[in-house]
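[1] Following is a predicted model, sequence given first.
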Amino acid sequence: MSPRAQKWLVTGPPLVYLLLFFAIPTLIMVVASFRYAGDYGGLAPLFGSGDPDELAGLTLESYQRFFGDPIYLELFGKSFVYAGVTTVACLALAYPLALTIARSPKKWRDLLVLLVILPFWSNFLIRVYAWMIILGPQSAFARGFNGLLALFGAGPVPLLFSPIAVLIGLVYVHLPFMVLPLYANLEKHDPALLDAAQDLGARGWARFWRVTFPLSLPGVYAGAALVFIPALGIFAIPDILGGTDSILIGNLIKQQFLDSRDWPFGGTLSIVLTAIAIAAAGLAAWFARRRPQ
Amino acid sequence: MTPARGIGRLAVGFAIFGYVFLYVPLLIVIAYSFNDSRLNAEWVGFTWHWYEVLFADEQMLAAAGNSLLIGVVSSAIATVLGTLAGYAMHRWRLRLLPILVVTPIAIPEILTGVSLLLFFVVCNVSLGLVSITLAHVAFCVGFVAIVVRSRLAGMDESLTEAARDLGASPWRAFRLVTLPLIMPGVIAGALMAFTLSIDDFVITFFVAGVDATTLPLQIYSMIKIAVTPEVNAVSTLLMLLTLLLIVVAARVSPGALRGE
């Protein structure tokens, strides 16, 4: 068998599968976003125009609708804010975790990392549902929190079905994505650098901000991308933990496909989300490369 | 290095908080699955009642059966395709395949879900167990490929070359030398694929159609409609299963979980 034939025999099956079930669906999505909705919702037949006057049956209607009404851009903006706050909160929680793991004795590190990963492997819905219990109005946590507020004369605040609940859920679900790249970076730091900084007179915080943190920036950018991008498209967390005011872009996409069945518009929203996700990943990669490791 | 002082101790404190934050919610779910109360509000007493309810719930059992079937079939297919992809990416400089392997993992899941929904409808594939299985294979291939490739990257290339020098055909060299060496990676990849399939909610949600249901879809509808501690019971069992699979995967191939 020639090497060429071998190569195709090995590469072919996964390539064909992923082309068929990932690349082509994505292309269909692009085409769909330029199509009309069908008479009964869904999509007009993909090829061949329903209306002979239209050129190839394509239209910019969905894009005009998207850019024409500020409500959609505002929703993207809101999703950006949620994903951004989630990213910053994850960073604040993940950094001490990653730093502690990286500086703990070698024999403990694998176990400590595994302990961060384990919750991530449990079912996504269960992790979100857990916060329904914790933040629910009858829970000890919610009663304690509102009791505390009452001491200051503030009225009880519903925790569940609020933006706070959505943010907590987002942080909880995405935290391991921030810890892992940070740890991978921090573990490689040479302790001699900190010794050198100390010999040169740098105190604890100065050593952290001027040595450790700048060196860890590639890990920070990688983690930020891994948290921000999935958080941007999430729909289940606002759906379960959020109230009516916590709708994000993912929920609108879900609505277009499953409820109002305006698939071309859903396609348009998905294309815009994809573009933003790719841009965010590119930006993170660019930032990570800009500084010398 | 000087012993951790000041900032180091502060970091340890926050790290402990981080672990508590990660585990307490899951422990609460487990604890309330044994709680003798309809409300997930406070501890009343120990009971197996919710597990009895769970095992009498025909819909839930049917959903669990579907999940297992889809998990086994899709992880088997994804393991074969993923191993081929991992091997191909290790052996040749490819352009298209690595992009197709990584992108489904990198973009928000909802995008994969809705584009597959469109695809199945346009191609007249009826939504149900088959469409769910095909979709699961699509997102699992990448994970298997990455684990297998990392295993290959850590392998001594000269072993396969030696087999070839001794006259083994490429296929025999792969089957008798390379494959046994990467087997831990393949098994870890298969277990990961099975876990991902059993746990997937977002993509399944879009491609399931109206009739087929899986365990996560069933849990979702229960959460949305009426929360009973039966959800805690099924969650606890599902966590136990995942834990088991992950511990086995970690044993077979340390580092696989981190995608090293």
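    Right, received. Where do you want to start?
[2] pLDDT averaged over stretch A:8-23, what's the number?
    Averaging pLDDT along stretch A:8-23 gives 90.
[3] Next one: B:T242 from chain A, what distance?
    5 Å (Cβ to the nearest Cβ, to the nearest Å). For every residue, glycine as well, the C-beta is placed using N, CA and C.
[4] Just the terminal-to-terminal distance for stretch A:11-31.
    End-to-end distance for stretch A:11-31, by Cα to Cα, to the nearest Å: 28 Å.
[5] Can you point out the buried residues in that stretch?
    A:11, A:13-15, A:17-18, A:21-23, A:25-26, A:28-29, A:31 (16 or more other Cβ atoms under 10 Å in any protein chain shown).
[6] what do you get for stretch A:177-196?
    A:177-186, A:189, A:194.
[7] now do stretch B:217-235
    So stretch B:217-235, judged by 16+ other Cβ under 10 Å, has buried residues B:217-220, B:222-223, B:227, B:229-235.
[8] near chain A, anything from it?
    Yes. Stretch B:217-235 reaches chain A (Cβ under 8 Å from any Cβ of the partner chain) through B:219-220, B:223-224, B:227, B:231, B:235.
[9] Tabulate these (CSV), appending secondary structure.
    What follows is the residues of stretch B:217-235 next to chain A, written out as CSV (DSSP: H, G, I helix; E, B strand; the rest coil):
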residue, secondary structure
B:I219, helix
B:Y220, helix
B:I223, helix
B:K224, helix
B:V227, coil
B:V231, helix
B:S235, helix
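[10] First-to-last residue distance for stretch B:168-178?
    Stretch B:168-178: ends 12 Å apart by Cα to Cα.
[11] Give me the distance between it and the centre of its chain.
    Offset of stretch B:168-178 from its chain centre (Cα atoms, centre = their mean, to the nearest Å): 30 Å.
[12] neighbours around whatever residue of the stretch 101-250 of chain B ends up closest to chain A, how many?
    Nearest residue of the stretch 101-250 of chain B to chain A, counting by Cβ to the nearest Cβ: B:P108, 2.5 Å away. Neighbours of B:P108 under the rule other Cβ atoms under 10 Å in any protein chain shown: 23.
[13] circling back to that earlier point, same list, the buried residues of stretch A:177-196, but only the ones touching chain B.
    Among the buried residues of stretch A:177-196, chain B is touched by A:179-180, A:184, A:194 when using Cβ under 8 Å from any Cβ.
[14] Of those residues, which pair is most distant in space?
    A:L180 and A:L194 (22.6 Å; Cβ to Cβ).
[15] isn't A:Q138 right up against B:R38?
    No. In this structure, A:Q138 is not within contact of B:R38 by Cβ atoms under 8 Å, at 10.9 Å.
[16] What residues sit buried inside the stretch of helix or strand A:V88 belongs to?
    A:V88 is located in helix A:70-103, with elements delineated by DSSP states H and E. By 16+ other Cβ under 10 Å, the buried positions in helix A:70-103 come out as A:72, A:75-76, A:78-80, A:82-83, A:86-87, A:89-91, A:93-103.
[17] For it, which helices and strands make contact with it?
    When contacts are defined as 3 or more Cβ pairs under 8 Å, 6 or more residues apart in numbering or on different chains; DSSP states H and E, helix A:70-103 packs onto helix A:61-68, helix A:106-121, helix A:163-186, helix A:213-232, helix A:249-254, helix A:263-290, helix B:7-32.
[18] could you redo those as TSV and give each row distance to B:L240 and mean pLDDT?
    Listed next are those as TSV, based on distance: least, Cβ to Cβ, whole Å; pLDDT from 0 to 100:
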stretch	distance to B:L240	mean pLDDT
helix A:61-68	45	83
helix A:106-121	12	84
helix A:163-186	20	89
helix A:213-232	26	87
helix A:249-254	30	90
helix A:263-290	34	85
helix B:7-32	9	86
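[19] Switch the ones you listed over to TSV; also include distance to A:Y36.
    Output for these, formatted as TSV (distance: least, Cβ to Cβ, whole Å):
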stretch	distance to A:Y36
helix A:61-68	7
helix A:106-121	42
helix A:163-186	34
helix A:213-232	28
helix A:249-254	19
helix A:263-290	6
helix B:7-32	45
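[20] residues in contact with the residue nearest to the spatial centre of chain A?
    In chain A, the centroid-proximal residue (Cα atoms, centre = their mean) is A:P230; its distance is 2.0 Å. Contact partners of A:P230, counting by Cβ atoms under 8 Å, 6 or more residues apart in numbering or on different chains, are A:174, A:177, B:108-109.
[21] Test my guess that A:F80 contacts A:L232.
    Yes. Between A:F80 and A:L232 there is a contact under Cβ under 8 Å: 7.2 Å.
[22] got any residues that touch both of those two?
    Joint contacts of A:F80 and A:L232 (Cβ under 8 Å, 6+ apart) do not exist.
[23] How many neighbouring residues does the closest residue to chain B within chain A have?
    The minimum distance from chain A to chain B, using Cβ to the nearest Cβ, falls at A:G233 (2.5 Å). As a burial measure, A:G233 scores 25 neighbours (other Cβ under 10 Å).
[24] wait, doesn't it sit right on A:L252?
    No. Counting by Cβ under 8 Å, A:G233 stays clear of A:L252, with 10.9 Å between them.
[25] quick revisit: could I get the buried residues of stretch B:217-235 as a markdown table with distance to B:V252?
    Formatted as a markdown table, these follow (distance: Cβ to Cβ, whole Å):
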| residue | distance to B:V252 |
| --- | --- |
| B:L217 | 30 |
| B:Q218 | 30 |
| B:I219 | 29 |
| B:Y220 | 31 |
| B:M222 | 34 |
| B:I223 | 34 |
| B:V227 | 37 |
| B:P229 | 35 |
| B:E230 | 33 |
| B:V231 | 32 |
| B:N232 | 31 |
| B:A233 | 29 |
| B:V234 | 27 |
| B:S235 | 26 |
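[26] Max pairwise distance over those: which two?
    B:L217 and B:P229 (19.5 Å).
[27] For A:V113, see how far away the closest residue to B:T195 other than its chain neighbours is.
    Spatial nearest neighbour of B:T195, chain neighbours left out: B:L245 (5.1 Å); criterion: Cβ to Cβ, 6 or more residues apart in numbering or on different chains. In this view, B:L245 and A:V113 are 18 Å apart by Cβ to Cβ, to the nearest Å.
[28] Between those two, point out the one with more neighbours.
    A:V113 (23 against 19).
[29] tell me how far the helix or strand encompassing B:Y51 is from the chain's mean position?
    Using DSSP H and E, B:Y51 sits within helix B:49-56. Its chain's average C-alpha position is 26 Å from that of helix B:49-56, according to Cα atoms, centre = their mean.
[30] Only the buried residues of that helix, if you could.
    For helix B:49-56, by 16+ other Cβ under 10 Å, it's B:49-51, B:54.
[31] biggest separation within those, which pair?
    B:H49 and B:L54 (9.6 Å).
[32] what about the nearest residue to A:L97 once chain neighbours are set aside, neighbour count?
    Of all residues not flanking A:L97 in the chain, B:G18 sits nearest, at 4.2 Å (Cβ to Cβ, 6+ apart). By other Cβ under 10 Å, the residues close to B:G18 number 24.
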